[in-house]
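Participant: Quick one: sequence and predicted model below, then my questions.
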Amino acid sequence: DYQALYDWKKNKHRVRLYFFGSDDQLQLVINDPVENNPTVQGTLRNKTSLMRLYSAWDYRISSTLKHHLSVATGQNKLEFSLGDQLSFQNDVNVITLRDELTWKKSDQFTLRGGFEGEAYLGTIKLKLPQPTRKEGQGGQAPLSTLDIKQTDRDFQFYNPALWLEAQWRPTDNLLLLPGARVDVDTYLGDVAPDPRVNARYTLLRDNEGKPIGTIKGGVGRYSQRPSPDETDATYGNPDLLLEHSAHFSLGYEHSLSQNLDIDVVGFYKHLYGSVSPIDDPILRYDNNGSGRIYGLEVLFRHNLTSRFFGWVSYTLMRSERKDSGAEDYRLFSLDQTHILTMIAQYKLNSEWEIGARFRYTTGNPQTPFVNAIYNADNDVYVPIPGPVNSTRVDAFQQLDLRLDRKWIFNDWMLTAYLEIQNALNRANPEGENWNYNFTQSQVITSLPIIPSIGLRGEL
């Protein structure tokens with residue numbers, strides 16, 4: 001990994017240049033065939049690299065008008081191969097641009113708007129199985145039984161967008177934030193106008209007039225493009241359109257004391273125009289899927305003081321999908337009913353500081369295998385899946401600890417730290433690995449306890 005930063009300021013101008021990149025390579029030799037997957041052998045290679053040059057220019061035109069322009073360009077490379085059986089190569093040049101103006105008419109009204117654009121130009125070469133078309137049924141079917149397809153093509157994506165948002169305070173207690181965004185996907189030939197509005201209303205103030213109780217809410221439409229494999233002519237349906245969702249939220253935040261705040265938000269998201277698998281072997285997907293996500297978030301925060309900072313957040317959520325033509329909803333593969341995070345940081349003195357983080361999440365849904373059929377042509381067993389996402393892996397729990405020691409000199413500062421990830425050495429489950437005939441499985445666990453020591457110098 002590497003990075004460099006240059007920051008220049010003069011009068012009404014500020015220019016920033018940021019260059020960064022990374023290069024990772026992995027190579028494994030598989031000498032013994034994988035159980036129930038005898039064709040999986042040979043040398044596995046994986047290489048990823050990233051390079052970006054980011055530039056930004058801020059110009060204060062007047063006391064009420066500001067201009068911001070940022071441009072980033074670079075290259076992504078991803079290569080994967082398993083012997084001569086599977087391969088994936090994607091080289092893409094990326095250009096992104098953002099140009100915006102901010103006009104502050106008064107303390108009561110501010111208007112921001114601008115243009116965003118992104119361009120992707122590159123080549124892609126694939127020799128991979130046809131992806132599992134039903135979300136939640138990815139799996140461990142033997143490679144020899146899968147339909148391997150190949151493609152080799154150049155591609156170009158240009159996605160411009162216009163956006164506008166206002167901050168309007170018609171009264172001291174009410175703040176309105178209306179806005180809109182229009183995205184154009186030139187590859188899909190689709191346009192998405194997305195209006196949005198958020199609002200905040202102060203219900204309570206303290207003796208000094210500071211807000212201590214605020215009700216807030218928002219509604220809006222959001223859009224995104226399907227994944228690349230879903231719109232690929234070889235693996236998916238190039239005639240798909242953008243996916244959409246309508247977001248609704250209502251919440252209340254309250255200052256319990258000078259340092260303690262609580263924030264409660266209920267939310268609902270309706271998904272429509274979602275990409276869904278269909279039985280047509282030519283089209284493979286359509287835009288007739290739907291979904292719903294709903295729940296409650298609670299944040300209890302202790303604001304930063306001279307020694308202590310911390311917060312506790314909890315989310316109760318359910319995420320469901322309905323495939324094209326289906327009557328009933330099913331769990332989404334990333335659904336997590338309970339999400340709990342606790343963070344605390346305490347400064348013992350000017351030199352020593354300790355911190356801790358604890359995370360708990362419900363395990364992700366998964367699709368069990370209920371039986372298997374012997375495939376005599378390939379001498380392997382092909383699993384038969386049960387109801388989609390009808391079981392879950394066990395819950396995830398992790399405690400991380402950190403200790404910092406600072407030395408302050410005349411012109412610079414040195415920090416040494418000891419960080420222990422997964423301090424309880426918990427074997428968190430990541431999934432299951434089945435035997436050759438899918439009658440027994442073994443839990444795949446994540447990394448064990450990981451201690452690390454580091455130094456950081458600051459001028």
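Facilitator: In hand now; what should we look at? Numbering: from 1, shown residues only.

Participant: Quickly list what the nearest residue to Phe115 once chain neighbours are set aside is bridged to.
Facilitator: Excluding the flanking residues, the one nearest Phe115 by C-beta to C-beta, 6 or more residues apart in numbering is Asp99, at 4.9 Å. Bear in mind the C-beta positions are built from the backbone N, C-alpha and C, glycine included. According to DSSP bridges, the residues that bridge with Asp99 are Leu69, Phe115.

Participant: just Trp352 next, same as before
Facilitator: Counting by DSSP bridges, Trp352 is bridged to Arg405.

Participant: And the pLDDT at it?
Facilitator: Predicted confidence (pLDDT) at Trp352: the value is 95.

Participant: what's it in contact with, if anything?
Facilitator: Applying C-beta atoms under 8 Å, 6 or more residues apart in numbering, we find Trp352 in contact with 403-406.

Participant: hmm, back to that, what about the residue nearest to Phe115, distance to Ala72?
Facilitator: 13 Å (C-beta to C-beta, to the nearest Å).

Participant: now swap in Glu230 and tell me
Facilitator: Glu230 is 26 Å from Ala72, by C-beta to C-beta.

Participant: do the same with Arg196
Facilitator: Arg196 sits 25 Å away from Ala72, going by C-beta to C-beta.

Participant: next one: Leu204
Facilitator: Distance of Leu204 to Ala72, given as C-beta to C-beta: 44 Å.

Participant: Who has more neighbours out of these two?
Facilitator: A count of neighbours by other C-beta atoms under 10 Å puts Ala72 above the other of Leu204 and Ala72, at 16 against 13.

Participant: Need the three-state assignment for the more buried one.
Facilitator: Counting by DSSP: H, G, I helix; E, B strand; the rest coil, the backbone at Ala72 sits in strand.

Participant: Quick one: residues contacting Arg318.
Facilitator: 293-295, 331, 335, 337.

Participant: now do Leu126
Facilitator: Neighbouring residues of Leu126 by C-beta under 8 Å, 6+ apart: 87-89, 149-152, 234-235.

Participant: What strand or helix carries it?
Facilitator: Leu126 belongs to strand 109-129 when assigned by DSSP states H and E.

Participant: Tyr285: how many residues sit nearby?
Facilitator: Count around Tyr285 with other C-beta under 10 Å applied: 23.

Participant: these two touch, right, it and Glu230?
Facilitator: Yes - the pair Tyr285 and Glu230 qualifies as a contact (C-beta atoms under 8 Å) at a distance of 5.5 Å.

Participant: what is in contact with these two at once?
Facilitator: Counting by C-beta under 8 Å, 6+ apart, the residues touching both Tyr285 and Glu230 are 236-237, 240, 275.

Participant: Tell me the one of those residues nearest Ala161?
Facilitator: Taking C-beta to C-beta as the measure, Leu240 is the one of the shared contacts of Tyr285 and Glu230 closest to Ala161, at 19.1 Å.

Participant: So His306 sits against Tyr346, correct?
Facilitator: No His there; residue 306 is Ser. No - using C-beta under 8 Å, Ser306 is not in contact with Tyr346, being 10.7 Å away.

Participant: and these two? which has more neighbours close in?
Facilitator: Tyr346 (13 against 5).

Participant: Which strand or helix spans the more buried one?
Facilitator: Here Tyr346 is assigned to strand 338-347, by DSSP H and E.

Participant: Run through the neighbouring helices and strands of that strand.
Facilitator: strand 308-322, strand 352-361 (3 or more C-beta pairs under 8 Å, 6 or more residues apart in numbering; DSSP states H and E).

Participant: for it, the distance to its chain's centre please.
Facilitator: Counting by C-alpha atoms, centre = their mean, to the nearest Å, strand 338-347 is centred 21 Å from the centre of its parent chain.

Participant: how about low-confidence regions in this structure?
Facilitator: 33-36, 38-39, 132-140 (pLDDT under 70).

Participant: okay, which residue is most central for it?
Facilitator: For the chain, the residue nearest the mean C-alpha position is Leu334 (11.6 Å; C-alpha atoms, centre = their mean).

Participant: helix, strand or coil for it?
Facilitator: Strictly by three-state DSSP, Leu334 counts as coil.

Participant: quick one: Gly218 and Ser249 touch, right?
Facilitator: Yes - Gly218 is in contact with Ser249 according to C-beta under 8 Å; the separation is 5.0 Å.

Participant: Off-centre distance for whatever helix or strand Asn287 lives in?
Facilitator: Assigned by DSSP H and E, Asn287 falls within strand 285-302. Relative to its chain's centre, strand 285-302 lies at 14 Å (C-alpha atoms, centre = their mean).

Participant: Need the CA coordinates for it. PDB is fine.
Facilitator: The C-alpha trace of strand 285-302 is given here as PDB (Å, rounded to 0.1, in the frame of the first residue of the first chain):
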ATOM      1  CA  TYR A 285     -33.600 -12.100 -14.900                       C
ATOM      2  CA  ASP A 286     -36.300  -9.400 -14.900                       C
ATOM      3  CA  ASN A 287     -37.200  -6.300 -12.900                       C
ATOM      4  CA  ASN A 288     -40.300  -7.700 -11.200                       C
ATOM      5  CA  GLY A 289     -38.800  -8.500  -7.800                       C
ATOM      6  CA  SER A 290     -39.700  -6.600  -4.600                       C
ATOM      7  CA  GLY A 291     -38.800  -6.400  -1.000                       C
ATOM      8  CA  ARG A 292     -39.200  -4.700   2.400                       C
ATOM      9  CA  ILE A 293     -36.800  -3.700   5.200                       C
ATOM     10  CA  TYR A 294     -38.100  -2.400   8.500                       C
ATOM     11  CA  GLY A 295     -36.900  -1.900  12.000                       C
ATOM     12  CA  LEU A 296     -35.700   0.300  14.800                       C
ATOM     13  CA  GLU A 297     -32.400   1.900  15.700                       C
ATOM     14  CA  VAL A 298     -31.400   3.200  19.200                       C
ATOM     15  CA  LEU A 299     -28.200   5.100  19.900                       C
ATOM     16  CA  PHE A 300     -27.100   6.000  23.400                       C
ATOM     17  CA  ARG A 301     -24.000   8.300  23.200                       C
ATOM     18  CA  HIS A 302     -21.600   9.800  25.700                       C
END
